[in-house]
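A.B. asks: With the input below, show me the fold.
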Amino acid sequence: MRQILLVLPAAALLSACGGDSELPPMVGAGAADNPRAEALFQEAKAADDAGKSGKAIKIYDEIADEIPYADRAPEARFRQAQLLEQEGETLDAFEAYQDLLTKRQGSGFYKQAFDRQSSMAFAAADGQIRNSFLGLKSKLSVNKMTEMLSQVAGNAPRSPVAAKAGYRIGEIYASDGETAKAVRAYQAVVENYPTSPEAPEAQFRIGEILLEEARDGNQDQANLARAKEAFEDYLSQFPGHKRAGEARQKISNIGGRDLQNTYEIGQFYEKKGDIGSAKYYYQEVVRKTKSGELHDKAQARLSALGGN
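C.D. replies: Residues are numbered from 1 along each chain as shown. As a prediction, the model looks like this:
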């Protein structure tokens, strides 16, 4: 009777799972010292040594997927990733490295995998990745490049590589014209890695992007104000950085552009016949300047309109 009671739960489990593919791995399959894993690894290595990369990749993948707790599993995954990379299967190689980094953080292959994956992500961002065994180059989409860099940063969030990856994401978005995403990426670098070499450059780039938007966009005044604030934050947070003089010059130029825009707004309202609004903007120019051509022009318009 005792034997029947022991068999019944196993039968119930088989029935509930519906098939072998849905069953949890057997205890033996999870053992570190696994004979099947060792036999497969030797088979894969033989194929590998014989130059049969495709066969080796499949067997290494089988070991890592089906016997993940075996001692050979991390090495199998790492070698699979290496072979995929050599074959020009960049994205598959990247994911294989990612699998090792995610599941086997204590592995002796962790640092090598991270270094290779990082190199691949930055190479992809520069459009310097192999797309086939012929050695052809291929440029990935913006989404894929930023996704790869984000994964690299996530694998080592406190490392110098993470700051570099974040800054590179900002550059990619900026080059693609996605300025709002670029600004957010640069801001993340400044906030998360304030002592990194990338932080001051990221803050400076925020100011430059906003200045370009002020030049080309419809919200000129707002973006000028934001750009000025970004450069002021740069000087405040990184006073000794090499581009401090350039930032001060840009702030000065922004002030001049701001006054010019204010004067032009006054002209706009004057032409529309809205004298009260025109006088307000001319008065702003006079208030913000003590002398100079723009000061004199604004004062002359105020005098002509009957106001000081």
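
A.B. asks: My guess is K279 contacts Q299. True?
C.D. replies: No - using C-beta atoms under 8 Å, K279 makes no contact with Q299, being 11.5 Å away. Just so you know, the C-beta spots here come from the backbone N, C-alpha and C atoms, and that holds for glycine as well.

A.B. asks: Looking only at neighbour counts, state which of these two leads.
C.D. replies: Shown here are K279 and Q299; by other C-beta atoms under 10 Å, K279 has more neighbours (20 against 16).

A.B. asks: I'd like to know how far that one sits from E212.
C.D. replies: Distance, K279 to E212, using C-beta to C-beta, to the nearest Å: 32 Å.

A.B. asks: how about the strands in this protein?
C.D. replies: Assigned strands in the chain: none (criterion: DSSP state E).

A.B. asks: Could I get the full set of helices for the stretch 1-150 of the chain?
C.D. replies: For the stretch 1-150 of the chain, helices defined by DSSP state H, counting those that start in this stretch occupy the ranges 2-17, 35-49, 53-66, 73-86, 90-103, 110-125, 142-155.

A.B. asks: got it, and the stretch 151-300 of the chain?
C.D. replies: Counting by DSSP H, counting those that start in this stretch, the helices of the stretch 151-300 of the chain are 160-175, 179-192, 198-216, 220-237, 244-272, 275-288, 293-305.

A.B. asks: any residues touching the fourth one, and which ones?
C.D. replies: Applying C-beta atoms under 8 Å, 6 or more residues apart in numbering, the external contacts of helix 220-237 come out as 190, 194, 199-200, 203-204, 206-208, 210-211, 213-214, 217, 241, 243-244, 247-248, 250-251, 254-255, 257-258, 261.

A.B. asks: Just the buried ones from those residues?
C.D. replies: Buried residues within these, counting neighbours by 16 or more other C-beta atoms under 10 Å: 190, 199-200, 203-204, 206-208, 210-211, 213-214, 241, 243-244, 247, 250-251, 254, 257-258, 261.

A.B. asks: give the contact list for L91.
C.D. replies: Contact partners of L91, counting by C-beta under 8 Å, 6+ apart, are K144.

A.B. asks: pLDDT value on it, please?
C.D. replies: The per-residue pLDDT reported for L91 equals 92.

A.B. asks: same question, Q260
C.D. replies: In this model, Q260 carries a pLDDT of 79.

A.B. asks: pretty sure it contacts L294?
C.D. replies: Yes - Q260 lies in contact with L294 (C-beta under 8 Å); the separation is 6.7 Å.

A.B. asks: Please identify which of the two sits among more neighbours.
C.D. replies: Applying other C-beta under 10 Å to Q260 and L294 shows that L294 carries more neighbours, namely 17 against 12.

A.B. asks: Next, the contact list for that one, please.
C.D. replies: L294 neighbours (C-beta under 8 Å, 6+ apart): 259-260, 263, 285.

A.B. asks: so can I have a markdown table of the residues you listed showing distance to A165?
C.D. replies: Formatted as a markdown table, the contacts of L294 follow (distance: C-beta to C-beta, whole Å):
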| residue | distance to A165 |
| --- | --- |
| L259 | 40 |
| Q260 | 40 |
| Y263 | 44 |
| V285 | 45 |
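
A.B. asks: most surrounded residue in the residues you listed?
C.D. replies: Busiest of those [other C-beta under 10 Å] is V285, holding 26 neighbours.

A.B. asks: How about the contacts made by the residue lying closest to it once chain neighbours are set aside?
C.D. replies: The spatial neighbour of V285 that comes closest, neighbours along the chain excluded (C-beta to C-beta, 6 or more residues apart in numbering), is A298 at 3.8 Å. Contacts for A298 were tallied using C-beta under 8 Å, 6+ apart; they are 263, 266, 282-283, 285-286, 289.

A.B. asks: Thank you, goodbye.
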